[in-house]
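Engineer: Next comes the sequence, and after it the predicted model I'd like to discuss.
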Amino acid sequence: MSRIGRKEIIIPNNIEVIINEPEILVKGDKGKLSYNLSELIAIETKNKIIKLTTKKTTQKAQAIHGLSRSIINNMIQGVSKGFKKKLIIQGVGYRSQMEGKNLILNIGYSHPVKIEPPADINIRVENNTNIFISGINKEKVGQIAATIRSVRPPEPYKGKGIRYENETVRRKVGKAGK
C-alpha cells in the first residue's frame, strides 16, 4: 500500500470540495480545479478530512493511489495559496521582457523567442533577468517553467543560461592550454 496514499488530506475552512464520482471539484479563493478519479480508488470524506483507499490490491491500483492523493492535495494547496516558480537568466546580453501576456526572451539566438502562457498562468519579469511564474495548477506552473528553461539551459563551462532559483550548476574546467 502506498505510504503517500494512506495520508489523510485536511481541507482548510475556506476551501469547498465537491465529490461527484468519479469527478472531484475543488473551489477556493484563487479559483477552481477538477480531477477525474480512477475507478480503482475509493474516496471518503468526514469532518473536513479526505481519505483515499484502493478497491483492488493490484499493482496499478497501488500506483494510482499515491498519485491521486498527491494530485488532490496539490489542487487544495493551489486554490488556497497558489504555486510559484522563479527563473534566473545569466549571461551577458541575455534578457527577457513582457509583451502583453507573452514572454519575449533574447538569449543569444539570432531571433527573440516568444512564449505564450496558458490562460490561468501569470508570468512577471523583474530587472530583465528574473522571471516569476505563478498559478493555481502545480503541473502547469512547473511545465511552463521547464519550457522556458529548456530554451537555453545552463551550460557547465561559463554557467550562462536560464536556471531555477535554487539550482546549482556543476561547473567544468575548460581546456588546459599547452
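Structural biologist: Alright, I've got the coordinates. Numbering: from 1, shown residues only.
Engineer: which residues in the chain form strands?
Structural biologist: 9-10, 16-20, 23-27, 32-36, 41-46, 49-54, 83-90, 95-99, 102-106, 113-115, 121-126, 130-135, 161-164 (DSSP state E).
Engineer: burial measure for Asn128, as a count.
Structural biologist: When counting by other Cβ atoms under 10 Å, one arrives at 12 neighbours for Asn128. For every residue, glycine as well, the C-beta is placed using N, CA and C.
Engineer: and it, what does it touch?
Structural biologist: When contacts are counted by Cβ atoms under 8 Å, 6 or more residues apart in numbering, Asn128 is found next to Ile89, Arg95, Ser96, Gln97.
Engineer: on that earlier part again, can I get the strands of the chain in a markdown table including mean neighbour count, distance to Ile76 and mean pLDDT?
Structural biologist: Listed next are the strands of the chain as a markdown table, based on neighbours: other Cβ atoms under 10 Å; distance: least, Cβ to Cβ, whole Å; pLDDT from 0 to 100:
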| stretch | mean neighbour count | distance to Ile76 | mean pLDDT |
| --- | --- | --- | --- |
| strand 9-10 | 16 | 7 | 88 |
| strand 16-20 | 13 | 7 | 89 |
| strand 23-27 | 17 | 6 | 91 |
| strand 32-36 | 14 | 9 | 91 |
| strand 41-46 | 14 | 12 | 87 |
| strand 49-54 | 17 | 9 | 88 |
| strand 83-90 | 18 | 12 | 94 |
| strand 95-99 | 14 | 30 | 92 |
| strand 102-106 | 17 | 29 | 92 |
| strand 113-115 | 13 | 29 | 92 |
| strand 121-126 | 16 | 19 | 92 |
| strand 130-135 | 19 | 15 | 94 |
| strand 161-164 | 19 | 24 | 92 |
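Engineer: how about those strands in TSV, adding distance to Gly177?
Structural biologist: Below are the strands of the chain laid out as TSV (distance: least, Cβ to Cβ, whole Å):
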stretch	distance to Gly177
strand 9-10	59
strand 16-20	64
strand 23-27	60
strand 32-36	57
strand 41-46	62
strand 49-54	61
strand 83-90	25
strand 95-99	32
strand 102-106	32
strand 113-115	35
strand 121-126	39
strand 130-135	36
strand 161-164	25
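Engineer: Dump the contacts of Asn128 to TSV, plus distance to Ser68.
Structural biologist: What follows is the contacts of Asn128, written out as TSV (distance: Cβ to Cβ, whole Å):
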residue	distance to Ser68
Ile89	37
Arg95	42
Ser96	36
Gln97	40
